[in-house]
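Asker: got a sequence here, can you build the structure:
(chains A, B, C and D)
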Number of protein chains: 2
Amino acid sequence: MADIGARDGSSRDKILEVAEALYARRGFAGVGMREVAEAAGLGKSSLFHHFRSKVQLYLAVLERVLGRIDERLGAALASGDAPAAKLDRWTDALVDALAEQPASARLLLRALFEDEQFDTEEWPEGQAVDQRVESLLAGISRLLEEGMRAGAFRRASTPHVVQTLIGAAIYHFASGELGETLLGGPLLSAEAVRTRKAEMKAFFHEGLAARPAQSRSGDDG
Amino acid sequence: MADIGARDGSSRDKILEVAEALYARRGFAGVGMREVAEAAGLGKSSLFHHFRSKVQLYLAVLERVLGRIDERLGAALASGDAPAAKLDRWTDALVDALAEQPASARLLLRALFEDEQFDTEEWPEGQAVDQRVESLLAGISRLLEEGMRAGAFRRASTPHVVQTLIGAAIYHFASGELGETLLGGPLLSAEAVRTRKAEMKAFFHEGLAARPAQSRSGDDG
DNA sequence: GATCCCTCCGACCGATCGGTCGGGCGGCAG
DNA sequence: CTGCCGCCCGACCGATCGGTCGGAGGGATC
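Answerer: Coordinates of the predicted model:
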């Protein structure tokens, strides 16, 4: 395990909880251990009894968030439904997960950049994070490829569709003030979440719909 | 103007250039003025003759990047083509802009979070940034609404489509190692850029295609 | 030659950074 | 009662943070 004292989780969970919110808001470099400690109601030294270093605390936060999401997405893919219905459930699960834990989207988007700085050799705990990401990507990639093979989706580049799916969900819920200005209302209200699900599902239904070959080819400038 | 010495731009441009790359890689909090100065071949004090503070340097970097992109996207929308063709050109322009300046995507995605910390009252230079963003969003929103009104696109929520477009482009080019692992190759090669354009255009063509009313409604879980 | 201004610099400031250290407190086993 | 151990703390460490200050150098102007 990446931490030291995992016996009684009460303080440890509290630390992870407040650190998640803080890292989401201002990033790894922008949040000091003193601040985390104060928010958790502890002395700074106490943090180092639960996590060996700041990097390990950060990786533990990241792994917890990814774990929560990966589990839900895995469950959404576990049924035996048709690919299009599975994709709907996957989308619902991802949107729900991001909306229920508002820090998640920003944390993950930040992690996209920040944990590239942490050498896997130097911080083996990052492997757990990488595995979560890999599992998540493998799941949705498999679904898309099955759907294409079965003729439920049109032929497209699986990784590109995955990128678009992730971007559409994570960027949206990470967009904060900008997104709220654009929408003219809250991002995280029950209604806004419902709308985002519906828009995403409609969009990917149309965007992936299998249909006869079209005359159009991808011209670029 | 947000800076002090704008007469001879040579040192100033050099600072903006290296700061852009550094902020993109490690964010505002993660990059110190000493590091920027060293990368620009200057003493740290010299930075403060061009920019009053670290925040103003950051905002100037952001404004420059947004200006470059906003200009290109504005030009793509200026023609009198049909909405679908205009959207293609807009997509091409955005992808080109993000791919040609590899730091842009990450910088913008980071800015999504980081400049919410800079109070507009306290840092009036941020208004220029806000205006650039507003101009950019207004342009693409107008195009989408024109297209829907003209029947070229199906009815959908304009802000949600904008979010999906931006997410699909910016997230992709900001995804770094993760994206390259997923694609199994470079993100920024000429071929990869061409592919991303084609995939995005195909996807949004299908996703926004006007077609007879469908029986499907957005169910959610 | 004297003056001015722009650019640049090294030295320095107080504050904060991540991390260490020695010890205090309380429950639990002997 | 005694000793151990998990948890916590304040004090402290060297390093680095953003920012200031006084002055050096050089080109243009008079």
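Asker: just to check, A:Ile166 is in contact with B:Tyr171?
Answerer: Yes - counting by CB atoms under 8 Å, A:Ile166 does reach B:Tyr171; the two are 6.6 Å apart. C-betas here are computed from N, CA, C, even on glycine.
Asker: which elements pack onto the one helix or strand A:Ala105 maps to?
Answerer: Using DSSP states H and E, A:Ala105 sits in helix A:103-114. With contacts taken as 3 or more CB pairs under 8 Å, 6 or more residues apart in numbering or on different chains; DSSP states H and E, helix A:103-114 sits against helix A:9-30, helix A:54-77, helix A:83-100, helix A:172-174, helix B:9-30, helix B:103-114, helix B:176-183.
Asker: now the shortest one: how far from the chain's centre is it?
Answerer: Centroid separation for helix A:172-174 versus its chain: 10 Å, with CA atoms, centre = their mean, to the nearest Å.
Asker: do that helix and chain B meet?
Answerer: Yes - interface with chain B: helix A:172-174 contributes A:172, A:174 (CB under 8 Å from any CB of the partner chain).
Asker: and for the first one?
Answerer: Yes - with CB under 8 Å from any CB as the criterion, chain B is reached by helix A:9-30 at A:25-30.
Asker: highest neighbour count among those residues?
Answerer: Using other CB atoms under 10 Å in any protein chain shown as the neighbour test, the residues of helix A:9-30 next to chain B are led by A:Phe28, with 26 neighbours.
Asker: just give the closest residue to it, not the sequence neighbours.
Answerer: Among residues not flanking A:Phe28 along the chain, A:Glu114 sits closest, at 4.9 Å (CB to CB, 6 or more residues apart in numbering or on different chains).
Asker: could you check how many residues crowd around that neighbour?
Answerer: 21.
Asker: A:Ala85 now?
Answerer: 13.
Asker: ok so, going back, what's the angle from the helix holding A:Ala105 to helix A:54-77?
Answerer: 120 degrees (axes from the mean of the first three to the mean of the last three CA atoms, to 10 degrees).
Asker: alpha carbons of the helix or strand that helix A:103-114 is followed by, as CSV, please.
Answerer: Downstream of helix A:103-114, the next assigned helix or strand under DSSP H and E is helix A:126-149. These are the backbone C-alpha positions of helix A:126-149, laid out as CSV (Å, rounded to 0.1, in the frame of the first residue of the first chain):
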residue,chain,number,x,y,z
GLY,A,126,1.8,5.7,-9.6
GLN,A,127,1.5,2.3,-11.2
ALA,A,128,-1.9,1.8,-9.4
VAL,A,129,-3.0,5.0,-11.0
ASP,A,130,-1.8,3.9,-14.4
GLN,A,131,-3.6,0.6,-14.1
ARG,A,132,-6.9,2.3,-13.2
VAL,A,133,-6.6,4.5,-16.3
GLU,A,134,-5.7,1.5,-18.5
SER,A,135,-8.7,-0.5,-17.2
LEU,A,136,-11.0,2.4,-17.9
LEU,A,137,-9.7,3.0,-21.4
ALA,A,138,-9.7,-0.7,-22.2
GLY,A,139,-13.3,-1.1,-21.2
ILE,A,140,-14.8,1.7,-23.4
SER,A,141,-12.4,0.8,-26.2
ARG,A,142,-13.6,-2.8,-26.2
LEU,A,143,-17.3,-1.7,-26.2
LEU,A,144,-16.7,0.5,-29.2
GLU,A,145,-14.9,-2.1,-31.1
GLU,A,146,-17.5,-4.7,-30.4
GLY,A,147,-20.2,-2.3,-31.5
MET,A,148,-18.4,-1.6,-34.8
ARG,A,149,-17.8,-5.2,-35.4
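Asker: near chain B, anything from whichever helix or strand comes after helix A:126-149?
Answerer: Scanning forward in sequence from helix A:126-149 by DSSP H and E, the next helix or strand is helix A:158-166. Yes - for helix A:158-166, a contact with chain B is found by CB under 8 Å from any CB, at A:159-164, A:166.
Asker: which residues touch the nearest residue to A:Pro102 once chain neighbours are set aside?
Answerer: Spatial nearest neighbour of A:Pro102, excluding adjacent residues (CB to CB, 6+ apart): A:Leu188 at 5.8 Å. By CB atoms under 8 Å, 6 or more residues apart in numbering or on different chains, the contact set of A:Leu188 is A:99, A:102, A:173.
Asker: the residues you listed: which ones sit near DNA strand D?
Answerer: By CB under 7 Å from any atom of the strand, no member of the contacts of A:Leu188 lies near DNA strand D.
Asker: nearest to B:Leu182, of those?
Answerer: The closest of the contacts of A:Leu188 to B:Leu182 turns out to be A:Phe173 (CB to CB; 20.3 Å).
Asker: from B:Gly32, how far out is the nearest residue to the closest one once chain neighbours are set aside?
Answerer: Of all residues not flanking A:Phe173 in the chain, A:Ala105 sits nearest, at 3.8 Å (CB to CB, 6+ apart). Distance check for A:Ala105 against B:Gly32: by CB to CB, to the nearest Å, it reads 28 Å.
Asker: so which of the two has more stuff around it?
Answerer: A:Ala105 (25 against 14).
Asker: hmm, the more buried one is touching A:Gly176, no?
Answerer: No - using CB under 8 Å, A:Ala105 is not in contact with A:Gly176, being 9.2 Å away.
Asker: would JSON lines of the residues of helix A:158-166 next to chain B with pLDDT and neighbour count be doable?
Answerer: Output for the residues of helix A:158-166 next to chain B, formatted as JSON lines (pLDDT from 0 to 100; neighbours: other CB atoms under 10 Å in any protein chain shown):
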{"residue": "A:Pro159", "pLDDT": "98", "neighbour count": "21"}
{"residue": "A:His160", "pLDDT": "98", "neighbour count": "22"}
{"residue": "A:Val161", "pLDDT": "98", "neighbour count": "24"}
{"residue": "A:Val162", "pLDDT": "98", "neighbour count": "19"}
{"residue": "A:Gln163", "pLDDT": "98", "neighbour count": "27"}
{"residue": "A:Thr164", "pLDDT": "98", "neighbour count": "29"}
{"residue": "A:Ile166", "pLDDT": "98", "neighbour count": "25"}
